[in-house]
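Novice: Here is my input; please provide its structure:
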Amino acid sequence: MKIAKFFTLGLTCVLAAAGLAQAQGQPKQFVQLLTVHAKPEGALDYEAFAKKVMAAAEKIGQNQRVLTFQVTAGGPGYTYMIVSYFDKWAETDDFLSTPEILNKALGELEGGKALRAGRANIESAESVVYRLVPNLSTKPRAYDPPPAYLQVFRTEVRPEMTHEWERVIGRYKAASEQMQETPTAIRRVAVEGPANVYVTSSPYTKAAERDAWPSFMDVLKKAYGDEEARNLDQRRTDCIKHAEAFIMKFRPDLSRMGK
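Specialist: Predicted coordinates:
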């Protein structure tokens, strides 16, 4: 099984806020996420290729914002998450693919050579789109510039249990928004890609910030008492088919800040 399938592209990424230093309104409605798993021996060459694509995009005046994160803990190495945010599907009409950017900037012959060289260092790649679920997100806000790190939880929910899972998370959201120390948690659900997959991401600048974050059970116990907290946590667990957690680091050198 290919390593990228471990994520089923889901993270989100990515995929979550757009930055950490300065809040600017609400998160975008959608996030398009491309997960690339580079070959270990070709990771540096892949990064050089990504920078070549950025230079080509700048050359042709393509100002789409594309953010790149790299998995640093909790998942396979050499995994890159390339993220684009949008509010309306019509916005994607202006998105250019990597081949289109290279061919337009370098010509078909040189663009094709660059593309083949870049792909030679990629083990696998997948694409998915997630939609924001504001009624399940805790203290949702967008940030600019992007965050240094994202803590991401990816949850694959049993199809027959999605309503129950959302009910439990809704109870958690209501409780967590009453606690000052709970972080922003942007929750999204896949709309293109694997079904019944939710991602939750929380941005931070330094790892020390996480020391103050209460656990899921801490929040529930404070709001509902020990017994109800245990019941809710058990219901949440019953809903889960598969879950994983990982840390993503923002790579400004591989990103296009665009508009």
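Novice: Just to confirm, what confidence does the model report for G111?
Specialist: What the model reports as pLDDT for G111 is 93.
Novice: and the gap between T162 and G170?
Specialist: T162 sits at a distance of 12 Å from G170 (criterion: Cβ to Cβ, to the nearest Å). C-beta coordinates here come from the backbone N, C-alpha and C atoms, glycine included.
Novice: Then G77?
Specialist: 35 Å.
Novice: Can you report how many residues neighbour the residue lying closest to A120 once chain neighbours are set aside?
Specialist: The shortest distance from A120 to any non-neighbouring residue, by Cβ to Cβ, 6 or more residues apart in numbering, is to G42 (7.0 Å). Residues lying near G42 (other Cβ atoms under 10 Å) number 17.
Novice: Make residue 1 into 138 and carry on from there
Specialist: Right, with 138 as the first residue, what we last looked at is G179.
Novice: Roughly how far does G179 sit from Y361?
Specialist: According to Cβ to Cβ, G179 and Y361 sit 50 Å apart.
Novice: do R256 as well
Specialist: R256 is 51 Å from Y361, by Cβ to Cβ.
Novice: higher neighbour count, those two?
Specialist: Applying other Cβ under 10 Å to R256 and Y361 shows that Y361 carries more neighbours, namely 17 against 13.
Novice: list the contacts for the residue nearest to A257?
Specialist: By Cβ atoms under 8 Å, 6 or more residues apart in numbering, the residues touching G179 are A257, N258, I259.
Novice: Going through the residues you listed, which ones are buried?
Specialist: Using 16 or more other Cβ atoms under 10 Å as the burial test, the contacts of G179 include N258, I259 as buried.
Novice: which one of the contacts of G179 sits closest to A185?
Specialist: Closest approach between these and A185, by Cβ to Cβ: N258, at 8.9 Å.
Novice: For that closest one, which non-adjacent residue is spatially closest?
Specialist: Per Cβ to Cβ, 6+ apart, closest to N258 is G179, 3.1 Å.
Novice: Check whether that neighbour sits in a helix, strand or coil.
Specialist: helix (DSSP: H, G, I helix; E, B strand; the rest coil).
Novice: one step back: quick check: the residue nearest to A257 vs A185, distance?
Specialist: 10 Å.
Novice: likewise G212?
Specialist: Taking Cβ to Cβ, one finds G212 at 23 Å from A185.
Novice: More neighbours: the two, which one.
Specialist: Legend: neighbour count by other Cβ under 10 Å for G212 and A185, higher for G212 (19 against 13).
Novice: pretty sure the more buried one is in contact with F383, am I right?
Specialist: Yes: counting by Cβ atoms under 8 Å, F383 is a contact partner of G212 at 4.2 Å.
Novice: could you pull out the strands for the protein?
Specialist: Using DSSP state E, the strands of the chain run over residues 167-175, 204-210, 216-223, 259-269, 286-294, 323-329, 334-341, 377-387.
Novice: what is the mean pLDDT for the fifth one?
Specialist: What that stands for is strand 286-294. 96.
Novice: Repeat that for the second one.
Specialist: Taken as a whole, strand 204-210 carries a mean pLDDT of 95.
Novice: And for the last one?
Specialist: The average pLDDT for strand 377-387 rounds to 96.
Novice: Using PDB, list the CA coordinates for it.
Specialist: Output of strand 377-387 as PDB, limited to C-alpha atoms (Å, rounded to 0.1, in the frame of the first residue of the first chain):
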ATOM      1  CA  ILE A 377     -14.900   6.200  14.500                       C
ATOM      2  CA  LYS A 378     -13.700   3.800  11.900                       C
ATOM      3  CA  HIS A 379     -10.100   5.100  11.800                       C
ATOM      4  CA  ALA A 380      -8.300   8.100  13.300                       C
ATOM      5  CA  GLU A 381      -4.900   9.600  13.300                       C
ATOM      6  CA  ALA A 382      -3.100  12.800  14.400                       C
ATOM      7  CA  PHE A 383       0.000  14.500  13.100                       C
ATOM      8  CA  ILE A 384       1.900  17.800  13.000                       C
ATOM      9  CA  MET A 385       2.400  19.900   9.900                       C
ATOM     10  CA  LYS A 386       5.000  22.600   9.500                       C
ATOM     11  CA  PHE A 387       4.500  25.600   7.100                       C
END
